[in-house]
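Student: Sequence first, then the predicted structure:
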Amino acid sequence: MIWILLLILAALAAAAFVGGRTLAQGRFRGVRAHSRPAQHGAYALIWVAAPALVVLMLAGIFAAPIERQLTAAGTPDAVAALEPFRREAFFADAHRLGRGEPALQIWERPLAEQLPVEARRMVRVERTLQWGAAVAAVLAAIMGGLFAFSQIRPNVRARNRVEGWIWGALFVCSAVAVLTTIGIIASLAFDAFRFFQHVPVTEFLFGTQWSPQIAIRADQVGSSGAFGAVPLFAGTLLIMLIAMLVAAPIGLLSAIYLSEYAGRTARAVIKPVLEILAGVPTVVYGFFAALTVGPALRVFFNEIGLFLIGGPLDGLGQYLALVQNQMALTAGAVMGIMLIPFVSSLSDDILNAVPQSLRDGSFAMGATKSETVKRVLLPAALPGIAGALLLAAVSRAIGETMIVTMAAGLAANLTFNPLDTVTTVTVQIVTLLTGDQEFNSAKTLSAFGLGLTLFLVTLMLNIVAQRIVQTYREQYD
Amino acid sequence: MTDATPEQVGAALDKRLARLRAGLKRRHARETRFKLYGQLAIGAAVVFLVILLGRIVEQGHTAFYTHTVTVPVYMDPAQVDRAYPQGSNFEQMAAEQQLARWGIADDARGDVSRDMRGLFSSELKFVAADLVARRGDVIGETVPLAAPLSDDADLYLKGEISRDVPQEQRRLNDRQLAWLDRMKAEGVIGSHFNTALFTNGDSTQPEIAGVLGAVVGSALMLMVTALIAIPLGVGAAVWLEEFAPKNKLTDIIEVNINNLAAVPSIVYGLLGLALFINWMHLPRASPIVGGLVLALMALPTLIIATRSSLKAVPPSIARRPWRWAPAAPRRCSVTSCRWPCPAS
């Protein structure tokens, strides 16, 4: 249906182009016209295609809510009396039946008879909406075309108008970025607001208990659920710190070596090799962490623990012997490996931006290369490097999802011990939202509260980092 | 004014020189050390990469070949129904007949035959049922059936299950391992390239699981992403490079794109969940939803990359239309000069 419609519209647009051009050729014979006939053709084409596409886009966005409104309006009493999630299931089954697929559930007496009736009604509503949208689109195309044809006059500046349309279309492309931001903020804020109606903001931000499992029955143990996110923030911070401890020295030192010491050939070999690390998908890093690094670290610490048991450090030995795979160190170390190429290439860029005259001056004073790096380059480049680390590495580490989901734990422990299991904001969002869930429980909505916090923190880090890099760049421009 | 003898002066100079030499030596040692740190850092990164890739290959390469067992099965007319072949327990039949051929008696609880059955993949049942459904005349005859080994048996033959591990801690018992060795000696087990890995969808049975479903899903999703992200991203980059007026709005858009590039992917996931699934009620887990979200996520990076390519076109080429025809629409600069230029 949609493809046939698009084909019809494409044919209309092509016809408008040819028609507009021929019409213009006829009308402009012997007259000095502002725009060429083909430009009038293009103008007609735009006026056929654009209104129709706008109508279709609006239909795509608003069809589902309208359809829901219409079906809800005529719901029979037996269905309306159902609990919300059963009603959803009933409508889903009616939908399936309407498409000719078998229903998923067996419904009891009054509903079983309603099901085919509702299915037919839904198909009718859907058909009506589809036909309505199609007719509206074609009408919009025709009216647009007629308007464009009426504009084919020698004094009309079709060329400039086409240029204007192209300007507008490209501007809309750029505006999508702004709309995405608005969409992110709106959707996160809306659902987070619903969450904060259940749980006060202060409890969420400062509470130290996190156990989002809300029991189905009120008398079950732990039925209340606790939404204090401090353990998650602490876990995220801990893993991020470990990752930075791995990535920052290795990345920075390799950047210094690459930009100051390595020859042309060494650079040409080493740089792409480091880039491979950046190209590895994070899920592969997660696999690596969960199956290789985790067990290896556990065995390492367990062996040390077994060695220490019975000695003067018996307590420490007992602890180390029971360390688990999912310790914060595993996820942090692997995330650090992932971040090495980012840190290194960003630092490399900034070191290269330091003017050569500074290096030459230092060498002229008899300084060695390492003295130049430590006393001249690093002081000059450090603000930029700090900004780059904040920009790329920290916000990446905070938002990284796959590695921590596979390698970090689920238990929300409030600790800064790298050998304990901790959980992060992203892991919790993933666990809260995978699988089926209903959208009116505090448990599901808490994911949006976490998401909003994550978004705001990364946004702030990013703004600060960009400002640092900006001021630093201006110094040498 | 002291009167220093030439000897005294020479001694002082020597001392000074010695101090300088020692200092220089120390400085050079520091220089070597610093260079070594850099080399160690790069070495560490390369070692990580090698370990990472090495472990992936080491753990993953055995998935590319698999083992098939070929057993003769007598299609007992008492147990196989032509009209309903799926109802017969072919695995049990094959296991019992295999035991009978080797002269091993089943015990009262059927543990022995259950162990034997555990060596065959449940795929055997579908191979047999398919054969009966296609050719009813095989009932009452003995036919060779080829089916994958079960995942545990396959792992043993690949050396992943060791006999050194105590029997209670491994997935196959001693009896089963002995049978596998015997089958291998009889030559009924063949090893071959695992084509099923590329032609099957996912499955709860590892021996017949494949990646085809996931690959098709990824391809569909990528198609949607490319169809949406590339036109939008290129359009936005062209607007920002060529058309955008220098004003507050343009600044906002530029800052915004840079910020979006740093938003974590999981936040885009939340956006998709709230907007496309919760509000627009698009079907869950469909390529269109995934593709839309991925397109939004890829957009900022795409815009930034396209802009830097457009910037790389030298102005002498990009601005040429104005020199030739100052009144030419700006669009001409984009369509006829920037795009055809190899740098973009």
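Tutor: Happy to help now that I have it.

Student: Going by C-alpha atoms from here, please, whenever you check contacts or count neighbours.
Tutor: OK.

Student: how many neighbours does the residue in the stretch 51-200 of chain B that chain A sits nearest to have?
Tutor: Nearest residue of the stretch 51-200 of chain B to chain A: residue B:52, at 6.7 Å (CA to the nearest CA). Residues lying near residue B:52 (other CA atoms under 10 Å in any protein chain shown) number 23.

Student: Surely it is in contact with residue A:288?
Tutor: Yes. The criterion here is CA atoms under 8 Å, and residue B:52 meets it with residue A:288 at 6.7 Å.

Student: Contacts for stretch A:226-237 next, please.
Tutor: The contact list for stretch A:226-237 (CA atoms under 8 Å, 6 or more residues apart in numbering or on different chains) reads A:199, A:203-212, A:328, A:398, A:412-416, A:422-425, A:446.

Student: tell me the contacts of residue B:132?
Tutor: Here residue B:132 is in contact with B:82, B:85, B:138, B:139 (CA under 8 Å, 6+ apart).

Student: ok, so of those residues, who is nearest residue A:253?
Tutor: In terms of CA to CA, no member of the contacts of residue B:132 lies closer to residue A:253 than residue B:85, at 68.1 Å.

Student: Is that closest one in contact with residue B:129, as I believe?
Tutor: Yes. Contact criterion CA under 8 Å: residue B:85 and residue B:129 qualify, at 5.0 Å.

Student: Distance-wise, check residue B:47 relative to residue A:277.
Tutor: 11 Å (CA to CA, to the nearest Å).

Student: Compare the two (neighbour count), which wins?
Tutor: Using other CA under 10 Å as the criterion, residue B:47 and residue A:277 rank with residue A:277 on top: 23 against 12.

Student: shouldn't the more buried one be in contact with residue A:336?
Tutor: No. The pair residue A:277 / residue A:336 is not scored as a contact, 11.0 Å apart, by CA under 8 Å.

Student: Show me where the chain has its strands.
Tutor: In the absence of a named chain, chain A is used. For chain A, the strands defined by DSSP state E occupy A:210-211, A:226-227.

Student: Please refer instead to chain B.
Tutor: Assigned by DSSP E, the strands in chain B fall at B:65-74, B:142-148, B:189-193.

Student: Can you say which of the ones you listed is packed in most?
Tutor: The highest mean neighbour count among these, using mean count of other CA atoms under 10 Å in any protein chain shown, belongs to strand B:65-74: a mean of 19.

Student: Which stretches in the stretch 201-344 of chain B count as helices?
Tutor: B:212-238, B:248-261, B:265-272, B:287-312, B:315-318, B:320-324, B:330-332 (DSSP state H, counting those that start in this stretch).

Student: Flag the shaky bits of chain A, pLDDT-wise.
Tutor: Applying pLDDT under 70 to chain A flags the ranges A:213-224, A:392, A:435-440, A:472-477.

Student: Pipe the helices of the stretch 201-344 of chain B into a markdown table and attach mean pLDDT, mean neighbour count and distance to chain A per row.
Tutor: As requested, the helices of the stretch 201-344 of chain B are arranged in a markdown table below (pLDDT from 0 to 100; neighbours: other CA atoms under 10 Å in any protein chain shown; distance: least, CA to the nearest CA, whole Å):
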| stretch | mean pLDDT | mean neighbour count | distance to chain A |
| --- | --- | --- | --- |
| helix B:212-238 | 93 | 19 | 4 |
| helix B:248-261 | 88 | 17 | 6 |
| helix B:265-272 | 91 | 22 | 5 |
| helix B:287-312 | 91 | 21 | 7 |
| helix B:315-318 | 67 | 12 | 18 |
| helix B:320-324 | 51 | 13 | 16 |
| helix B:330-332 | 53 | 16 | 7 |
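
Student: Chain A contacts on the stretch 1-150 of chain B?
Tutor: Counting by CA under 8 Å from any CA of the partner chain, the stretch 1-150 of chain B comes close to chain A at B:27-28, B:30-31, B:34-35, B:37-39, B:41-42, B:44-46, B:48-49, B:52, B:55-56.

Student: Just the buried residues of those.
Tutor: Buried subset of the residues of the stretch 1-150 of chain B next to chain A (neighbour count, 16 or more other CA atoms under 10 Å in any protein chain shown): B:27, B:31, B:34-35, B:37-39, B:41-42, B:45-46, B:48-49, B:52, B:56.

Student: Pop the domain breakdown of chain B in here.
Tutor: Domain assignment for chain B by automatic domain parsing gives B:63-210, B:213-312.

Student: just to revisit the earlier point, would you tell me which one of the strands of chain A is buried the most?
Tutor: Greatest average neighbour count among the strands of chain A goes to strand A:226-227 (a mean of 21), per mean count of other CA under 10 Å.

Student: partners of it, with directions?
Tutor: Strand A:226-227 sits in its sheet next to strand A:210-211 (antiparallel), going by DSSP bridges.

Student: Can you give the distance from the strand it pairs with to the centre of its chain?
Tutor: Centroid separation for strand A:210-211 versus its chain: 25 Å, with CA atoms, centre = their mean, to the nearest Å.

Student: Pull the residues that contact that strand.
Tutor: The contact list for strand A:210-211 (CA under 8 Å, 6+ apart) reads A:225, A:226, A:227, A:228, A:229, A:231, A:232, A:412.

Student: count of residues packed around residue 135?
Tutor: I'll assume chain A. Using other CA under 10 Å, residue A:135 has 14 other residues around it.

Student: nope, chain B
Tutor: Neighbours of residue B:135 under the rule other CA under 10 Å: 11.

Student: For it, grab phi and psi.
Tutor: For residue B:135, the backbone dihedrals (degrees, to the nearest 10) come out as phi -130, psi 100.

Student: Please name the residues that touch residue B:239.
Tutor: Counted by CA under 8 Å, 6+ apart, residue B:239 has contacts A:167, A:170, A:171, A:174.

Student: Repeat that for residue A:320.
Tutor: A:301, A:302, A:304, A:305, A:306.

Student: Of these, which is the most crowded?
Tutor: residue A:305 (22 neighbours).

Student: which one is that residue nearest to, not counting chain neighbours?
Tutor: Using CA to CA, 6 or more residues apart in numbering or on different chains and skipping the chain neighbours, the partner closest in space to residue A:305 is residue A:317 (3.8 Å).

Student: Tell me how many other residues surround the one you found.
Tutor: By other CA under 10 Å, the residues close to residue A:317 number 21.

Student: how about the domains of chain B in CSV, adding distance to residue A:180?
Tutor: Output for the domains of chain B, formatted as CSV (distance: least, CA to CA, whole Å):
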stretch, distance to residue A:180
domain B:63-210, 34
domain B:213-312, 7
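
Student: For residue A:246, which of the ones you listed is the nearest?
Tutor: domain B:213-312 (20.9 Å).

Student: The closest one: end-to-end distance?
Tutor: Using CA to CA, the end-to-end distance of domain B:213-312 comes to 41 Å.

Student: Quick one: residues in contact with stretch A:458-466.
Tutor: Here stretch A:458-466 has contacts from A:386, A:387, A:388, A:390, A:391, A:395, A:398, A:399, B:259, B:262, B:263, B:264, using CA under 8 Å, 6+ apart.
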